[in-house]
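>>> Just the structure for this:
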Amino acid sequence: MNADTNTSRLAADSQYVELAVEVFAMLADATRVRLILALREGELTVNALAGIAGKSAPSVSQHLAKMRLARMVSTRQEGTKVFYRLQDGHAWQLVADAIHQAEHALGTAPHHGMAPHPRQEPGR
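Okay, here's the model as predicted:
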């Protein structure tokens, strides 16, 4: 991928900003974050996910349906059981980064001295 394309995707006026906001809105729910954390280990059924998330199976099923429409999870059927899995690693990475940010905000993560991201001047 060429650098100009990457830079334009990450620009403040990128066409992807609104879609990124929709992704964050989808993740702005503790149950969905817990489901993503649970699914990192592999496929699970609704009942297994409900137990992990501490929610009812119908509630978890509704969350999974929304996540499936957002293409964050996919399914596989085996007989009468439906197994859910993460579609790819992107949702997991967003959740992991958010948890790391929370650790830093609370002061529980070690300071790692990240350098600020270099700013691109317009037209570069």
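
>>> so where's this protein uncertain?
Within the chain, the ranges that satisfy pLDDT under 70 run 1-7, 109-124.

>>> What segments of it are strands?
In the chain, the strands defined using DSSP state E lie at 44-45, 73-78, 81-86.

>>> Dump those strands into a markdown table; add distance to Thr31 as well.
Every residue, glycine included, has its C-beta placed from N, CA and C. Shown next, in a markdown table, are the strands of the chain (distance: least, CB to CB, whole Å):
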| stretch | distance to Thr31 |
| --- | --- |
| strand 44-45 | 14 |
| strand 73-78 | 13 |
| strand 81-86 | 13 |
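
>>> Pipe those strands into JSON lines and attach mean neighbour count per row.
What follows is those, written out as JSON lines (neighbours: other CB atoms under 10 Å):
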{"stretch": "strand 44-45", "mean neighbour count": "16"}
{"stretch": "strand 73-78", "mean neighbour count": "13"}
{"stretch": "strand 81-86", "mean neighbour count": "17"}
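
>>> Please enumerate the helices of the chain.
3-9, 17-27, 30-39, 46-53, 57-69, 90-106 (DSSP state H).
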